[in-house]
Every structure is written in structure tokens, then in C-alpha cells.
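**Q** Just need the structure, nothing else, for what follows:
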Amino acid sequence: MKLTVIASLILSNLFFAQTAVPDDYKKIPDILDTTEYLYPFIVPDKAFGYWRVLTNDTDPDKAVIYESQMPDFMTINEPFPEKGFFQKCVGNNCFSYILACKKERSVYFSSEQQLRDFIGTVDNLPEAILLAQTYGFSIDTSNKLSGSYKMEDKHIYLYVSKSKDCPEIKESYFIKINRKTGKLESKNNGIYFKSENCNTSTQTVPK
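**A** Numbers count the residues shown, from 1 in each chain. Modelled structure (predicted):
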């Protein structure tokens with residue numbers, strides 16, 4: 001039994017030595033691990049007179065997460081869709097969606113794929129993080145293996161995380177995003193954190 005544990009520790013150390021983040025990667029700013037702070041950086045792929053990001057909160061004053069500058073003559077008061085992106089529970093204030101105005105008509109973006117379409121060309125790091133989140137990845141800035149990036153003209157490279165609960169396990173992923181097409185490629189780097197505790201409060205609703 002002791003030999004098994006020792007062998008596992010040796011293999012673990014060898015693994016992490018091989019997956020060290022290259023020196024030319026920068027740390028993702030802590031503030032960008034909060035989804036709500038990413039929306040203001042979206043540069044939509046198409047021209048919209050106005051758009052805003054909302055949750056399905058029944059209180060209109062609490063529903064708006066972000067809104068672009070709204071013309072004085074325009075008002076939008078639409079009911080929220082039945083489902084949206086980043087679903088975290090069932091009921092009130094459980095998912096997000098985008099309501100945009102194009103040629104005086106309302107347009108919904110209410111799925112992960114539609115959010116990708118809305119973003120279109122990946123113009124900056126926050127857009128790249130949002131795109132990664134639509135595929136179930138997240139940012140954990142406490143570790144280089146889950147919170148680092150490098151930007152080039154054609155691609156953005158990220159080290160991100162995926163988590164599982166009971167017990168909590170975090171896996172590192174290396175992803176490559178084509179800035180023009182939004183195409184994402186990923187590679188699993190293995191587990192970088194494991195807890196003996198079982199926390200059910202962070203579990204999300206399965207899609």
C-alpha cells in the first residue's frame with residue numbers, strides 16, 4: 001500500500017513537471033474570473049442599435065447585468081425566454097440571455113451557441129474567456145495551470161479549469177481559440193487540485 005502511494009506521488013510530480021506553464025504566458029487578472037465583468041468587453045460580430053445582458057429575474061430592476069448605451073427614443077420591454085446560457089439552477093434568476101435591437105426589432109440570444117454567434121470574432125481576452133465558458137471551462141486564478149493566457153494575431157491560448165463535486169476535483173485544460181472563427185481546441189492536463197470534502201452547493205443543472 002505504501003509503495004502504491006509513493007509511486008502515485010512520484011508520477012504526480014513528474015506529470016506536473018511536464019505540464020508547467022511556459023514563461024511567456026501571463027496571469028489572467030483576478031477580476032476576469034467573474035462572468036458579469038466580461039460582458040462590457042463584448043464587441044458584437046454584427047451591428048446592433050442596442051443590446052443588454054439579463055437574467056431571468058422577475059424583478060426588472062435586478063435582471064439587467066449589463067447594457068450598451070441606449071438611445072433616448074428607444075425602449076425595450078420584452079418577457080424573458082424560457083431558457084438561456086450558463087444555467088445554474090431551476091427557477092428565478094437561474095440563467096442569462098442577451099436581448100438586442102436590430103433595425104428596431106428585438107432579437108434573443110439564449111443559448112451557449114447563440115452567445116458564441118453574438119461574440120463572433122474573438123477581439124480580446126474577456127471574449128475568449130466567455131467563449132471558453134460556453135464549453136464548460138472556467139478560470140481559477142489561484143493556479144497558473146488554470147488562469148494563464150497568451151495572445152497572438154490568429155489565436156488566443158488559455159490554461160483553464162473544469163471542476164467536479166463530491167469530492168471537489170479541478171482539472172487543468174489547455175485550450176486554443178481561433179480568433180477569426182471562434183473554433184476551440186482543448187487538451188486535458190490532468191488534476192491539479194483534489195479535496196476530501198463534498199460540496200453540493202456548487203453543482204449546476206445538467207444540460
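
**Q** show me where pLDDT drops low in this protein?
**A** Residues of the chain meeting the criterion pLDDT under 70: 1-18, 70-78, 199-207.

**Q** mind giving me the domain split of it?
**A** Segmentation of the chain into domains, based on automatic domain parsing, reads 20-34+121-194, 44-117.

**Q** Highest mean neighbour count out of the ones you listed?
**A** Comparing the domains of the chain by mean neighbour count (mean count of other C-beta atoms under 10 Å), domain 20-34+121-194 ranks first with a mean of 17. Yep, even glycine has a C-beta here, placed from its N, CA and C like the rest.

**Q** What ranges does this protein have for its helices?
**A** 2-18, 60-63, 112-119, 125-133 (DSSP state H).

**Q** From the centroid of this protein, which residue is nearest?
**A** Closest residue to the average C-alpha location of the chain: Gln133 at 2.3 Å, with C-alpha atoms, centre = their mean.

**Q** Not counting sequence-adjacent ones, nearest residue to it?
**A** Nearest residue to Gln133, sequence neighbours excluded (C-beta to C-beta, 6 or more residues apart in numbering): Thr35, at 6.5 Å.

**Q** from what I can see the one you found touches Pro126, true?
**A** No. In this structure, Thr35 is not within contact of Pro126 by C-beta atoms under 8 Å, at 9.7 Å.

**Q** Test my guess that Ile177 contacts Val160.
**A** No. Here Ile177 does not reach Val160: they are 10.6 Å apart, not a contact under C-beta under 8 Å.

**Q** Need the overlap of contacts for the two.
**A** Between them, Ile177 and Val160 share these contacting residues under C-beta atoms under 8 Å, 6 or more residues apart in numbering: Ala132.

**Q** related to what we said a few turns ago, tell me who's in contact with the residue nearest to Gln133.
**A** By C-beta under 8 Å, 6+ apart, Thr35 lies in contact with Phe86, Ser96, Leu130, Gln133.

**Q** could you redo those as a markdown table and give each row distance to Tyr149?
**A** Putting the contacts of Thr35 into a markdown table (distance: C-beta to C-beta, whole Å) gives the following:
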| residue | distance to Tyr149 |
| --- | --- |
| Phe86 | 21 |
| Ser96 | 23 |
| Leu130 | 13 |
| Gln133 | 14 |
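
**Q** Of these, just say which sits nearest to Thr181.
**A** Lowest distance from Thr181 to the contacts of Thr35 (C-beta to C-beta) belongs to Leu130, with 15.6 Å.

**Q** Can you name the residues that contact the residue lying closest to that closest one once chain neighbours are set aside?
**A** Closest residue to Leu130 apart from its sequence neighbours, by C-beta to C-beta, 6+ apart: Leu38 at 5.0 Å. Listed by C-beta under 8 Å, 6+ apart, the contact set of Leu38 reads Leu32, Pro126, Glu127, Ile129, Leu130.

**Q** now, the most widely separated pair of the residues you listed?
**A** Between any two of the contacts of Leu38 (C-beta to C-beta), the greatest distance is 10.8 Å, for Leu32 and Glu127.
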